[in-house]
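A.B. asks: build the 3D model from these lines:
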Amino acid sequence: MPIVPHKDAAEEVKDSAVAKVREELAEWLHPRWNTKWNILRWLQDHDYNVDETIDILRKHLKYRRERFLDEDMRGLQRSIVLTQVCEDCHPLTVVGSNRREKGDRLLVFEQPGKVDIDGLMKSVQPSQFLHHMFRGVEMGMRHLNEMEAERGDQCYFHYIFDMEGLKMDPSYLKIATGPFRVSWELVGFQYREFIDKFIVLNAPTFLNLFIAALFPFVPAKYKAEFHRRVVICGKNYKEYLLSIADPECLPEKYGGTMPDVDVVRSPCKVPKSYYWKPPPGYPKPEQLHLLSIPAGKTRVLDFKIEPWTTMGFFSTNDSDVQLWLYYAKERDGLYKDEIAEQVLPTATITAVPAMDYFDYVAERGGYYQVRLKNHSTWFRNAHPRFRVYDQNKKEIPILNCDDKWIKMSHDVPTDIRLEDWAKDNPNNPENQKKDNLSREN
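C.D. replies: Model (predicted):
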């Protein structure tokens with residue numbers, strides 16, 4: 001959970017640390033993102049350990065450049081259906097500053113109590129939905145940066161969940177500890193220290209069940225802050241909101257004077273026509289290779305990859321499975337902890353009806369290993385399905401395909417379509433040469 005630390009450093013410590021990070025990461029810093037406050041967020045998250053911050057922040061800046069986050073965000077996945085589902089059925093409302101003049105908190109509202117959760121789970125792909133969340137945070141961060149430029153100090157989100165309409169359903173508990181938690185974990189990896197408070201309105205009596213279920217997943221460093229930073233309001237929430245925001249900055253339904261019609265979009269039910277079905281360019285679920293992973297065990301898939309290959313991962317699964325991606329120059333290095341390098345943050349692939357698709361640009365040639373752990377079942381095996389393609393529509397062979405826990409599908413898809421992010425990647429030396437030549441001419 002990306003929550004603001006209670007203690008902070010002296011100004012001279014901040015300025016010195018920011019200067020060191022800027023010097024070390026100068027080649028990666030985009031002018032739009034390169035503000036004192038953006039860098040401070042990462043330093044705060046790492047207790048002003050400059051070396052640690054530089055190492056982690058470099059990965060984020062690399063991701064920003066690959067996905068064009070400081071431009072038009074065209075590197076984030078999207079689809080017509082996802083856009084419609086999220087805009088109409090799961091809207092995020094960025095209201096704006098909490099004060100008429102020089103506010104220091106950005107008000108962001110969600111209405112999960114009115115969301116058709118079952119329809120949403122049947123409609124979206126996990127990676128696409130995560131990228132939708134990234135896109136929302138990016139837009140919010142741009143507002144935040146404008147506020148910081150005006151004030152000259154650091155600002156934060158007040159992230160407000162309106163639970164009105166939420167009914168008790170045991171399946172929601174699984175969603176809260178599964179897809180909901182996983183999405184916020186990955187948001188917290190890419191965006192640090194940007195939320196001051198999570199504010200819950202119209203809290204139902206059973207909300208404590210959700211908090212108790214989520215709390216074990218909160219990182220240890222944030223548990224001491226958790227209860228102080230999560231504000232739970234009942235039906236008499238307007239008085240609290242008016243204590244943290246001017247009336248002119250709140251919608252009417254939340255005690256303010258802003259016309260609801262201008263700022264509040266209520267979620268609608270997800271039409272069945274939006275329920276997920278394989279789009280053109282996707283394999284059928286039965287065309288993915290079937291894996292069998294015993295409870296508590298980890299299994300691996302090894303691949304040999306050429307430099308600047310876009311690895312496109314198609315997957316489905318019947319239960320939640322943890323995933324890691326590692327790199328080593330030689331294959332035996334994948335099995336040595338001191339050599340294997342983790343190149344993607346730890347993620348959980350959640351069990352939803354849709355087939356997931358995510359991509360990774362392998363800049364370095366060598367060997368890559370997908371590690372999959374069945375952490376969610378007690379006794380039975382997990383059965384994820386997997387198949388990996390490159391940007392040339394060719395399957396990337398699994399080197400250990402003869403392992404007995406892998407059942408290879410011999411039904412070969414005929415029309416695979418992937419975006420070639422390696423070709424357009426700004427980090428690709430070939431693209432850098434083209435840019436240099438165009439500037440010289």
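A.B. asks: confirm that residue 300 sits in a strand.
C.D. replies: Yes - assigned with DSSP: H, G, I helix; E, B strand; the rest coil, residue 300 falls within a strand.
A.B. asks: so what sits opposite it in the bridge?
C.D. replies: residue 371 (DSSP bridges).
A.B. asks: now swap in residue 290 and tell me
C.D. replies: Bridge pairing for residue 290 - DSSP bridges - gives residue 385, residue 407.
A.B. asks: let's see the pLDDT reported for it.
C.D. replies: pLDDT, residue 290: 97.
A.B. asks: got it, and residue 212?
C.D. replies: Residue 212 is assigned 65 on the pLDDT scale.
A.B. asks: bridging residues for residue 349?
C.D. replies: With DSSP bridges as the rule, residue 349 is bridged to residue 321.
A.B. asks: and for it, the neighbour number?
C.D. replies: Neighbours of residue 349 under the rule other C-beta atoms under 10 Å: 23. Bear in mind the C-beta positions are built from the backbone N, C-alpha and C, glycine included.
A.B. asks: need the helix or strand of the chain with the lowest average pLDDT.
C.D. replies: Least confident helix or strand of the chain, by mean pLDDT, DSSP states H and E, is helix 429-440 with a mean of 54.
A.B. asks: tell me the contacts of the residue lying closest to residue 264 once chain neighbours are set aside?
C.D. replies: Spatial nearest neighbour of residue 264, excluding adjacent residues (C-beta to C-beta, 6 or more residues apart in numbering): residue 251 at 4.9 Å. Neighbour list for residue 251: 95, 109, 258-260, 263-264 [criterion: C-beta atoms under 8 Å, 6 or more residues apart in numbering].
A.B. asks: for residue 72, helix, strand, or coil?
C.D. replies: Secondary structure, three-state DSSP: residue 72 is coil.
A.B. asks: what about it, how many residues nearby?
C.D. replies: By the criterion of other C-beta under 10 Å, residue 72 has 8 neighbours.
A.B. asks: repeat for the one 3 residues further on
C.D. replies: Other residues near residue 75 come to 22 when the count uses other C-beta under 10 Å.
A.B. asks: now residue 51
C.D. replies: Under the neighbour criterion other C-beta under 10 Å, residue 51 is assigned a count of 11.
A.B. asks: quick one: it and residue 41, what's the gap?
C.D. replies: 17 Å (C-beta to C-beta, to the nearest Å).
A.B. asks: state the pLDDT value of the residue nearest to residue 264.
C.D. replies: Residue 251 is assigned 95 on the pLDDT scale.
A.B. asks: again, but for residue 228
C.D. replies: At residue 228, the model reports a pLDDT of 76.
A.B. asks: roughly how far apart are it and residue 196?
C.D. replies: Applying C-beta to C-beta, the value for residue 228 to residue 196 is 11 Å.
A.B. asks: and these two? which has more neighbours close in?
C.D. replies: Counted by other C-beta under 10 Å, residue 228 and residue 196 do not tie: residue 196 has more neighbours, with 18 against 10.
A.B. asks: for the more buried one, give me phi and psi.
C.D. replies: The phi and psi torsions at residue 196 (degrees, to the nearest 10) take the values phi -80, psi -50.
A.B. asks: re the thing from before, in strands only, show me the contacts of residue 251.
C.D. replies: Judged by DSSP state E, the contacts of residue 251 include 95, 109 as members of strands.
A.B. asks: out of the contacts of residue 251, who's nearest residue 388?
C.D. replies: Among those, residue 109 lies closest to residue 388 (C-beta to C-beta), at 39.1 Å.
A.B. asks: could you give the number of residues near the closest one?
C.D. replies: 23.
A.B. asks: also residue 345?
C.D. replies: Neighbours of residue 345 using other C-beta under 10 Å come to 17.
A.B. asks: equivalent analysis for the one 10 residues further on, please.
C.D. replies: Each residue near residue 355 was counted by other C-beta under 10 Å, and the total is 22.
A.B. asks: shouldn't it be in contact with residue 312?
C.D. replies: No - look at residue 355 against residue 312 with C-beta atoms under 8 Å: they stay out of range, at 12.0 Å.
A.B. asks: all helices of the stretch 101-250 of the chain, in order?
C.D. replies: 117-121, 126-151, 170-175, 181-190, 207-214, 220-229, 238-244 (DSSP state H, counting those that start in this stretch).
A.B. asks: now the closest residue to residue 137 other than its chain neighbours: how far from residue 73?
C.D. replies: Distances taken as C-beta to C-beta, 6+ apart place residue 191 nearest to residue 137, at 5.3 Å, with adjacent residues excluded. Plainly put, residue 191 is 14 Å away from residue 73 if you go by C-beta to C-beta.
A.B. asks: brilliant, that's me finished.
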